[in-house]
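**Student:** Sequence below, structure please.
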Amino acid sequence: MSVDNPQVADLSIIVPVLNERDDLPDFFSDLERQQGVCFELIISDGGSTDGSLEWLEKQSLPPFSYRLLNCSKGRGRQLNRGIEKAAAEWLLFLHVDSRFSDPLALRKGLNHLIRAESLNVAGHFALSFRRSGFQPSAGYYFYEWKARLGLAETVHGDQGFLIHRQLVEQVGPFSETLSAMEDTDFAERLRQLGQWQLLPAEISTSTRRFEREGLWQRQLLGAIIMCSRVIGWDDFFRAAPHIYLQQSDTEKLHLVPFFILIRRLHKNLTLPERWKLWYLQGSYVRNHAWQLFFALDAHRSFRHGLSVGEGQTRYLSFLLPIFNFMTDNPAGRLGATVLLRVWYEVTFLWLKRIEKG
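**Tutor:** As a prediction, the model looks like this:
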């Protein structure tokens, strides 16, 4: 299905959906508020059965063009299908629960990248979380600020990806084999060829997944997923194909089964293979230890009531060079491996106790 607009689009917005009937009305209304930019909306559906398609087909002519594509399930596949059909030179990859408070957000984002005068520069919006409660949260504060740093593995799909088609073609398609983190995989491949910049507008995303699954539970599992992706541990993804459920299917997340799975997969290896895998995982953890120092900065700024991103990263700036000097070597990576191995056993025992109770 397509609803055409005679104007030439400045921007093609590509959104993968699967059973998102509840979010579609607000998503359309939010996009209708955007000013100063002509865009087309491409909704790539992966086989919705909750009335999403019926709702889309009943819509009257919106103030923008939109097309509905049908393809098989898989976010990477759905995004690639949208790229194939996009008409504009600039592409924006969004989640259906994304919202913009500023009606000029898209225009500001495009202007920022156009002024950069380089097609190798891509943009992501400043992330904020829409929560059901209003109580200040140090955890959400930390993740909102971290998402604005633009460092390795801090750029994800919920921040929106604004990219010129030429750079998308250089990076290559979204992975269709990963069951999760296809957006992060794409973002890191882009980082090797170009540059990510923070756009001068804010995007918000729903916390419903975190509220159902648990914030620290989802973030811990997300770290395991990203580590497995980076070190190329495909056996983990093959053994856990449903590691990232649809929003509508989420519930309290239990991590013990994933720890058991990791233990089983390790036992299938020879002892040298096992320790090589632990070493790769330990090296990954060492590379991301900067988050511990950043957490000190975030906690300090949160206590002082500063807005997200306004504080200084004094601990990170001072401690990270010292830490890297001491640990960015085989001995340091081995030490991180031993600590990770101990952490795994202690955390496994702790999780079994709290999830049983």
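
**Student:** Do you have the strands of this protein handy? List them.
**Tutor:** In the chain, the segments counted as strands under DSSP state E are 2-3, 11-17, 39-45, 65-70, 90-93, 99-100, 121-130, 161-164, 195-206.

**Student:** Now tabulate these in CSV and tack on mean pLDDT.
**Tutor:** Supplementary listing: the strands of the chain in CSV, determined by pLDDT from 0 to 100:
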stretch, mean pLDDT
strand 2-3, 54
strand 11-17, 96
strand 39-45, 94
strand 65-70, 88
strand 90-93, 98
strand 99-100, 97
strand 121-130, 96
strand 161-164, 98
strand 195-206, 96
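
**Student:** closest one to Leu151 among those strands?
**Tutor:** Proximity to Leu151, assessed across the strands of the chain by Cβ to Cβ, is greatest for strand 195-206 (9.2 Å). (Each C-beta comes from the backbone N, C-alpha and C, glycine too.)

**Student:** Could I get the full set of helices for the stretch 51-200 of the chain?
**Tutor:** Read by DSSP state H, counting those that start in this stretch, the stretch 51-200 of the chain holds these helices, from start to end of the chain: 52-57, 75-85, 105-116, 138-147, 165-171, 182-193.

**Student:** Using the record's assignment, carve the chain into domains.
**Tutor:** 2-208, 254-356 (automatic domain parsing).

**Student:** Okay, Met66 and Phe28: tell me how far apart.
**Tutor:** That one is not Met; residue 66 is Tyr. 8 Å (Cβ to Cβ, to the nearest Å).

**Student:** Between these two, which is the more surrounded one?
**Tutor:** Tyr66 (22 against 18; other Cβ atoms under 10 Å).

**Student:** hey, what's that one bridged with?
**Tutor:** Beta bridges link Tyr66 to Val3, Leu41 when assigned by DSSP bridges.

**Student:** Quick check, it in contact with Ile42.
**Tutor:** Yes. Using Cβ atoms under 8 Å, Tyr66 is in contact with Ile42, at 7.1 Å.

**Student:** got the contact list for Gly214?
**Tutor:** 252-253 (Cβ atoms under 8 Å, 6 or more residues apart in numbering).

**Student:** again but with His299, I slipped
**Tutor:** Counting by Cβ under 8 Å, 6+ apart, His299 has contacts 138, 142.

**Student:** let's see it at 6 Å
**Tutor:** Listed by Cβ atoms under 6 Å, 6 or more residues apart in numbering, the contact set of His299 is empty.

**Student:** Near the residue lying closest to Leu24 once chain neighbours are set aside, how many residues? Count them for me, please.
**Tutor:** Nearest residue to Leu24 in three dimensions, chain neighbours excluded: Trp55, at 5.8 Å (Cβ to Cβ, 6 or more residues apart in numbering). As a burial measure, Trp55 scores 16 neighbours (other Cβ under 10 Å).

**Student:** Quick check: Trp55 vs Leu320, distance?
**Tutor:** 49 Å.

**Student:** Torsion angles phi and psi at the residue nearest the centre of the chain?
**Tutor:** Nearest to the geometric centre of the chain sits His156, at 2.7 Å (Cα atoms, centre = their mean). Note on His156: its backbone torsions stand at phi -130, psi 170 [degrees, to the nearest 10].

**Student:** could you list every residue that touches it?
**Tutor:** Counting by Cβ under 6 Å, 6+ apart, His156 makes contact with 183-184.

**Student:** 8 Å instead?
**Tutor:** Applying Cβ under 8 Å, 6+ apart to His156 gives the contacts 147, 183-184, 187.

**Student:** Nearest to Gly160 among the residues you listed?
**Tutor:** Out of the contacts of His156, the member with the shortest distance to Gly160 (by Cβ to Cβ) is Asp183, at 10.2 Å.

**Student:** how distant is the helix ranked longest in the chain from the center of its chain?
**Tutor:** The residue-count maximum for a helix in the chain (DSSP state H) belongs to helix 330-356. Mean C-alpha position of helix 330-356 versus that of the full chain (Cα atoms, centre = their mean, to the nearest Å) differs by 25 Å.

**Student:** Nice, that's everything, thank you.
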